[in-house]
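**Q** Whatever this is, show me its structure:
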Amino acid sequence: MENLEYWVKRVTEEFYELVYADEWLKRVFTVDQKVITSQQIDFMIGALGGEKRYGGKSPADAHPHIFVSEEMWERRENLLIDAMTKVGAPLELKSRWLKIDLAFKRHIVMSDSSQCKKRFFSDEIIQVANPFKKVS
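**A** Here you go, the predicted structure:
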């Protein structure tokens, strides 16, 4: 894909601006925004066929301590799509990126917080209720 690095950088930077401004997701993303943005750029460039620069954990190994419900996943996915649209990302990039995301979904989304596992002894399980959900 032409200009892969340019588009991944634009989408990722916009995406994390949206995430860190979101009242729900900003409470889950506890890593410094610049750090996670840089890591995600490297990860997605490699995942999309570019230079392999990412040396961190796989999504499955990086997130087991975070309770990600289907609802949270959908919110995150919608912000990703919004970021792609806002920066005018090419349709081919959108399609390929969302397919990669979907491939990791089954490793990240949980039906219950009891499925969470600490990565390290010092980890805390991260579970954040949806502040937008109306309780009846």
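**Q** which helices and strands does the helix or strand bottoming out on mean pLDDT in the chain pack with?
**A** Ranked by mean pLDDT, DSSP states H and E, the weakest helix or strand in the chain is helix 59-62, scoring a mean of 88. Where contact means 3 or more CB pairs under 8 Å, 6 or more residues apart in numbering; DSSP states H and E, helix 59-62 is packed against helix 91-108. (C-beta placed from N, C-alpha, C; glycine too.)
**Q** Rounded mean pLDDT for the helix it packs on, please.
**A** If you average the pLDDT over helix 91-108, you get 96.
**Q** wait, what's in contact with K133?
**A** For K133, the contact set (CB atoms under 8 Å, 6 or more residues apart in numbering) comprises E71.
**Q** Look at K118 and tell me its secondary structure.
**A** coil (DSSP: H, G, I helix; E, B strand; the rest coil).
**Q** what does the least confident helix or strand of the chain contact?
**A** Against helix 59-62 from outside (CB under 8 Å, 6+ apart): 56, 104, 107-108, 119.
**Q** need the next SSE after it, C-terminal direction.
**A** The helix or strand immediately downstream of helix 59-62 is helix 70-87, counting by DSSP states H and E.
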